[in-house]
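Novice: sequence? don't have it. structure:
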Ligand SMILES: Nc1ncnc2c1ncn2[C@@H]1O[C@H](COP(=O)(O)OP(=O)(O)OP(=O)(O)O)[C@@H](O)[C@H]1O
């Protein structure tokens, strides 16, 4: 089924929310270090697929595997541990803890992981690279959207995850800010060798990817290599 090159994949995923079919036989394979843009019309199932691949949602049917292990059948506890250790997340609205500073938000997963001084140094470096060191000690609730989103990128990268899941990461930013955030995310992911699954409606965003896949009606559109 999965060759040793494949890092993350799904096969025949089905998932319904009540009467709504969100996934209807979706399959995809992602290689280590590959940047994949997941595109398609609103309601096609992009976010649902991303959540299944990340082990946030369990499909009704089909398989998800990561690094040689079935993710969909794993216990909730084991899936949470994978998410914390091996995955990073950037969502449209940053999703930071508003009562913490940007620096504290970036350090939070590292503290949960009991990460060593290397990781803490890397977090400080990322704040610098993303040019938010100046505002790093301000509360997340009190900074501009672009600054919060840069902190979300730093948080997603600091533990050098195997996969970064980015759902419309620049959707709430103006085009200049969005371009800086996205190009930095991709550049650092490439440096670390992290794969990225990037959900987007924007062709300019998708142009940063190694490969674009299009979803329609809960599965990957015909003619697109998965
Ligand atoms: N938690 C939920 N409860 C009920 N229906 C849901 C839920 N999440 C998704 N859906 C439905 O499943 C379908 C797929 O949704 P999904 O968010 O995955 O699509 P999408 O391609 O990411 O759309 P968009 O581009 O608008 O974000 C849609 O019809 C949506 O309304």
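Specialist: The structure has been received and is ready for your questions. Treat the numbers as computed from the prediction; the structure is a model and nothing was measured.
Novice: For the rest of this, base every contact and every neighbour count on C-alpha atoms.
Specialist: Fine.
Novice: Show me what from this protein comes close to the ligand.
Specialist: 17, 20, 22, 41, 42, 43, 44, 45, 46, 47, 48 (CA under 6 Å from any ligand atom).
Novice: can you rerun that using 5 Å?
Specialist: 17, 22, 42, 43, 44, 45, 46, 47, 48 (CA under 5 Å from any ligand atom).
Novice: which of the residues you listed are buried?
Specialist: Using 16 or more other CA atoms under 10 Å as the burial test, those include 22, 44, 45, 46, 47, 48 as buried.
Novice: These in strands, which ones?
Specialist: residue 22 (DSSP state E).
Novice: I'd like the buried ones among the residues of the chain next to the ligand laid out as CSV, including pLDDT.
Specialist: Shown next, in CSV, are those (pLDDT from 0 to 100):
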residue, pLDDT
22, 98
44, 96
45, 97
46, 96
47, 96
48, 97
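Novice: For residue 37, state which of the buried ones among the residues of the chain next to the ligand is nearest.
Specialist: Checking these against residue 37 with CA to CA, the nearest one is residue 46 at 10.1 Å.
Novice: Partner strands of the helix or strand harbouring residue 36 and their direction?
Specialist: Using DSSP states H and E, residue 36 sits in strand 35-39. Strand pairing for strand 35-39, determined by DSSP bridges: strand 195-199 (parallel), strand 211-216 (parallel).
Novice: For the top helix by length along the chain, give the mean pLDDT please.
Specialist: In the chain, taking DSSP state H as the definition, the longest helix is helix 175-192. On average, the pLDDT along helix 175-192 is 89.
Novice: same deal with stretch 134-146?
Specialist: 94.
Novice: Need the residues that contact it.
Specialist: By CA atoms under 8 Å, 6 or more residues apart in numbering, the surrounding residues in contact with stretch 134-146 are 93, 96-103, 105, 127, 148, 172-173, 177-178, 181.
Novice: try it again with 10 Å
Specialist: Stretch 134-146 is touched from outside by 93-106, 124, 127-128, 132, 147-149, 151-152, 170, 172-174, 176-178, 180-181, with contacts defined as CA atoms under 10 Å, 6 or more residues apart in numbering.
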